[in-house]
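Participant: Fold the following and give me the result.
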Amino acid sequence: MGEERKRERRQRVQRMAVQKALDWLYDHHELAIARWADEEYCGCLDQDEVQRITRLNLEDEGFHQFFSQNMCEFLLCDGRLRIGRRKVPVIELLLGPDGPLMSVEQRCYLEMLCAQPLRLYEIQDVQPGVGFWLLDMLTRRGRRMMFVRERAASRELHRWDTLGARLIVVDDHVELSGALYPIPREHANWLVDTLRSKRLPSSKAARKREIGHWIVDTWLHYVGAEPEIPEIVDAATGEPVTLVTDHYQVHDWAQLERCLASQPDVDGDRGEGWLRICPVNEHKNRVLASIQPKGDNRLTLFTRTLGRADEQRRWLETLAGEAIAHRTREIADPVAMMRAGVEPRASDQETGIPEEVQRELKHTYMQEHYEKWLDTPLPALDGQTPRQAAATPDGRERLIRLLKDMELHESRTKHPFDFSFLWHELGLKR
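Facilitator: Presented below is the predicted three-dimensional model:
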């Protein structure tokens with residue numbers, strides 16, 4: 001209980017220090033802050049990006065609070081305001097003789113906060129509700145993982161996430177300062193390469209400020225850009241993935257069950273539903289269609305491309321004859337749904353596909369796709385296959401980045417695919 005009261009008191013001191021500092025700055029330098037925000041904090045943005053971020057601030061209260069916290073902390077720690085002909089570091093204004101009246105604890109906290117650099121980190125592991133392990137992506141030698149105690153963010157972050165953050169030491173552990181810059185992996189990797197190729201200032205303060213601005217700029221360009229929706233293609237046919245559900249009325253269950261039982265490539269029963277399967281090799285099968293009973297006299301046939309939907313519909317109707325009658329077809333384009341901000345439906349009740357069938361469909365598809373992927377020339381690897389790239393140090397580095405991207409994307413899906421076999425096949429360590 002004593003530790004909890006100590007923590008709450010420390011947090012009050014921190015909040016009061018930041019609030020006093022911001023109140024004083026806006027009372028005395030409001031115009032200079034507005035100019036700094038336009039010319040320096042958001043100075044990298046084009047007109048379209050400014051409009052999108054302005055719209056997000058107006059329409060999304062959560063984003064507005066997030067954006068404001070990031071900007072205000074950067075103002076305190078790395079901001080410089082034009083006062084007359086000089087650009088004066090904000091911390092000098094706050095802690096100088098004409099600055100706000102603050103307690104010793106508040107001044108010490110601001111000094112400590114402003115001394116910490118904004119850095120780019122990669123999540124190595126997560127303990128949800130407790131914290132996560134970080135690795136500094138901008139340090140090449142002597143890198144060591146740090147455990148950051150953070151309850152809320154650790155429930156949202158995943159292994160291989162990349163983010164900009166400022167870390168502070170509190171008693172015997174490390175915490176986030178408050179600001180957070182989630183940056184997609186491809187942007188983070190670009191930033192690492194860019195900063196490694198740049199000649200950064202020799203002054204520690206100037207280098208700290210420049211790296212901080214690069215991280216902020218990268219994040220702002222990301223949130224200010226219109227989201228890109230990738231094309232989703234079926235690996236077996238090359239067709240765009242389209243979720244197709246044909247609905248049938250069943251006139252004779254007994255005849256239908258006999259017809260399906262007679263097919264060597266159909267597995268299942270009325271209780272669990274049926275799968276029509278096509279062998280890929282001696283170890284793997286591909287699911288062509290899922291047939292699911294719905295109530296006393298209904299049936300659905302689910303496929304994942306229009307071409308396959310037409311093919312499987314002809315097969316089922318020829319096989320079952322008068323035992324069934326087609327009623328309607330439901331088509332869902334996952335790309336169009338994502339563009340509209342709608343999550344593709346995935347529950348048993350909505351798609352008619354049991355959870356275990358969804359999982360098996362995905363696993364079969366992904367396993368088949370990535371077994372071929374190992375020997376497929378990739379633009380991301382300059383035309384080499386993953387196996388070829390694994391033979392060189394530069395290729396291995398690019399492969400590791402690629403695998404982390406894939407694992408991170410999968411970790412956010414309903415049934416994450418396990419990529420361990422790829423790491424093993426390529427002889428790479430996580």
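
Participant: use CA for all of it now, contacts and neighbours both
Facilitator: Noted.

Participant: May I see the buried residues of the lengthiest helix in the chain?
Facilitator: Identified as the longest helix of the chain according to DSSP state H is helix 2-36. By 16 or more other C-alpha atoms under 10 Å, the buried positions in helix 2-36 come out as 10, 13-14, 17-18, 20-22, 24-25, 32-33, 36.

Participant: same check, this time on stretch 122-131
Facilitator: Of the residues in stretch 122-131, 122-128, 131 count as buried by neighbour count, 16+ other C-alpha under 10 Å.

Participant: And the furthest pair within those residues?
Facilitator: Glu122 and Pro128 (16.1 Å; C-alpha to C-alpha).

Participant: show me where the stretch 251-400 of the chain has strands.
Facilitator: Under the criterion DSSP state E, counting those that start in this stretch, strands of the stretch 251-400 of the chain are mapped to 266-269, 273-279, 285-294, 298-303, 324-332.

Participant: pLDDT on the longest one, on average?
Facilitator: Averaged over strand 285-294, pLDDT sits at 90.

Participant: So which elements touch that strand?
Facilitator: For strand 285-294, the packing partners by 3 or more C-alpha pairs under 8 Å, 6 or more residues apart in numbering; DSSP states H and E come out as strand 273-279, strand 298-303, helix 306-320, helix 355-373.

Participant: out of the ones you listed, deepest packed?
Facilitator: Highest mean neighbour count among the helices and strands packed on strand 285-294 (mean count of other C-alpha atoms under 10 Å): strand 298-303, with a mean of 23.

Participant: CA-only coordinates of that one, as PDB, when you get a sec.
Facilitator: Taking C-alpha atoms only, strand 298-303 is exported to PDB below (Å, rounded to 0.1, in the frame of the first residue of the first chain):
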ATOM      1  CA  ARG A 298     -31.200 -24.600 -45.000                       C
ATOM      2  CA  LEU A 299     -27.600 -25.100 -46.300                       C
ATOM      3  CA  THR A 300     -24.700 -22.800 -47.200                       C
ATOM      4  CA  LEU A 301     -21.800 -23.300 -49.600                       C
ATOM      5  CA  PHE A 302     -18.800 -21.100 -48.900                       C
ATOM      6  CA  THR A 303     -15.900 -20.500 -51.200                       C
END
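
Participant: That one packs against which elements?
Facilitator: strand 243-250, strand 285-294, helix 306-320.

Participant: quick revisit: rebuild the buried residues of helix 2-36 as JSON lines, extending it with pLDDT and distance to Val192.
Facilitator: Shown next, in JSON lines, are those (pLDDT from 0 to 100; distance: C-alpha to C-alpha, whole Å):
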{"residue": "Arg10", "pLDDT": "83", "distance to Val192": "35"}
{"residue": "Val13", "pLDDT": "86", "distance to Val192": "35"}
{"residue": "Gln14", "pLDDT": "89", "distance to Val192": "32"}
{"residue": "Ala17", "pLDDT": "93", "distance to Val192": "33"}
{"residue": "Val18", "pLDDT": "94", "distance to Val192": "31"}
{"residue": "Lys20", "pLDDT": "96", "distance to Val192": "35"}
{"residue": "Ala21", "pLDDT": "96", "distance to Val192": "33"}
{"residue": "Leu22", "pLDDT": "96", "distance to Val192": "32"}
{"residue": "Trp24", "pLDDT": "97", "distance to Val192": "36"}
{"residue": "Leu25", "pLDDT": "96", "distance to Val192": "33"}
{"residue": "Ala32", "pLDDT": "96", "distance to Val192": "32"}
{"residue": "Ile33", "pLDDT": "97", "distance to Val192": "29"}
{"residue": "Trp36", "pLDDT": "96", "distance to Val192": "26"}
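
Participant: Report the residue ranges of every domain in this protein.
Facilitator: 1-115, 117-226, 243-355, 374-426 (automatic domain parsing).

Participant: how about these, which one is nearest Asp234?
Facilitator: Closest among the domains of the chain, using C-alpha to C-alpha: domain 243-355, at 7.5 Å.

Participant: Any idea how far that closest one is from the middle of the chain?
Facilitator: Domain 243-355 has its C-alpha centroid displaced from the chain centroid by 32 Å (C-alpha atoms, centre = their mean, to the nearest Å).

Participant: One more: stretch 233-244?
Facilitator: 24 Å.

Participant: okay, how far is it across that stretch, tip to tip?
Facilitator: 14 Å (C-alpha to C-alpha, to the nearest Å).

Participant: Give me the buried stretch members for it, please.
Facilitator: With the criterion 16+ other C-alpha under 10 Å, stretch 233-244 contains buried residues 240-244.

Participant: Gln124 - that's part of a helix, no?
Facilitator: No - assessed with DSSP: H, G, I helix; E, B strand; the rest coil, Gln124 is strand; it does not lie in a helix.

Participant: ok, Gln106 - contacts?
Facilitator: Going by C-alpha atoms under 8 Å, 6 or more residues apart in numbering, Gln106 touches 13-14, 16-17.

Participant: Now distance to Arg209 too, for these, in CSV please.
Facilitator: Below are those laid out as CSV (distance: C-alpha to C-alpha, whole Å):
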residue, distance to Arg209
Val13, 26
Gln14, 22
Met16, 25
Ala17, 22
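
Participant: Out of the residues you listed, which is nearest to Ile183?
Facilitator: Compare each of the contacts of Gln106 with Ile183 using C-alpha to C-alpha and the shortest gap goes to Gln14, at 26.3 Å.

Participant: isn't the closest one right up against Tyr109?
Facilitator: Yes - at 6.6 Å, Gln14 counts as touching Tyr109 under the criterion of C-alpha atoms under 8 Å.

Participant: follow-up on the earlier one: columns distance to Glu368 on top of the helices and strands packed on strand 298-303, output as CSV?
Facilitator: Output for the helices and strands packed on strand 298-303, formatted as CSV (distance: least, C-alpha to C-alpha, whole Å):
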stretch, distance to Glu368
strand 243-250, 19
strand 285-294, 8
helix 306-320, 17
